[in-house]
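S.K.: here's my sequence, what's the structure:
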Amino acid sequence: LELTFVSVTIKKFGTVSLLIQKIKKVYDDYRHKLELKNKMGFLHLETFVLLSQGQFERALIAVDEINRMIESSYKDLDPVQLLLLDYACFDVYFRNKDFKSAQYYIHKIFAYGSEIREDIQASARLANLILQYEQQEYEHLGYVWQSTYRYLMKKQRIEQPEAIILEFLKSTLKFTSGKQ
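M.R.: Residues are numbered from 1 along each chain as shown. Alright, predicted model coming up:
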């Protein structure tokens, strides 16, 4: 699997696709011997690859499989793995412009609390802010912006990219209102 991540990083998608097909065959041949964690890791990888290739609709199929596995094995998964899978589901729905489903996963991520993967929690706060903007929820945008800003300040997670996003969305607050 590490070779596959390296191939994705250097944009050798043809190699990645072949590796994924080989891994799927091995998985199908030895399904009973593989652990649940490995299968979830594989599904997470497959989702990452599909998103990297811009195959957003195909990634929805992987999300369905992830959700089926979570439902059947929830108690056997650790919270960090669940959080990462929920973030992958958010990413797929967001890229498919299904903002309501993406919002659902953002709220699931918030429910884990900030003690688990603070980096993902911070990213989820920014993603929630962007979701409010994309859905034209201008009535709530000011509140969500302020809440996100306070959270990021408290956690000392405001770097240049975060600052740019916050500044842009703050400037939009001047031009939007609940009436628009």
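S.K.: what about the residue nearest the centre of the chain, helix or strand, and which?
M.R.: Nearest to the mean C-alpha position of the chain, counting by Cα atoms, centre = their mean, stands residue 87 at 2.8 Å. Following DSSP states H and E, one finds residue 87 within helix 79-95.
S.K.: only the buried residues of that helix, if you could.
M.R.: Within helix 79-95, the residues that count as buried by 16 or more other Cβ atoms under 10 Å are 81-95. Quick note: C-beta positions are derived from backbone N, CA and C, even for glycine.
S.K.: and for the very next helix or strand once past it, what are the contacting residues?
M.R.: Counting by DSSP H and E, the next helix or strand C-terminal to helix 79-95 is helix 99-111. Helix 99-111 has contacts (Cβ atoms under 8 Å, 6 or more residues apart in numbering) with 83, 86-87, 89-90, 93-94, 120-121, 124, 127-128, 131, 134-135.
S.K.: out of those residues, which is nearest to residue 158?
M.R.: Nearest to residue 158 out of the contacts of helix 99-111 is residue 121 (Cβ to Cβ; 13.9 Å).
S.K.: so, low pLDDT: which residues of this structure?
M.R.: For the chain, applying pLDDT under 70 flags the ranges 1-13, 30-34, 175-180.
S.K.: same thing but 50
M.R.: Applying pLDDT under 50 to the chain picks out residues 32, 178-180.
S.K.: helices along that one, start to end?
M.R.: Ranges of helices in the chain, per DSSP state H, are 2-9, 13-29, 36-52, 56-73, 79-95, 99-111, 118-134, 138-154, 160-173.
S.K.: how many degrees apart are the fourth one and helix 36-52 in direction?
M.R.: Spelled out, it's helix 56-73. Counting by axes from the mean of the first three to the mean of the last three Cα atoms, to 10 degrees, helix 56-73 lies at 160 degrees to helix 36-52.
S.K.: what is helix 56-73 packed up against?
M.R.: When contacts are defined as 3 or more Cβ pairs under 8 Å, 6 or more residues apart in numbering; DSSP states H and E, helix 56-73 packs onto helix 36-52, helix 79-95.
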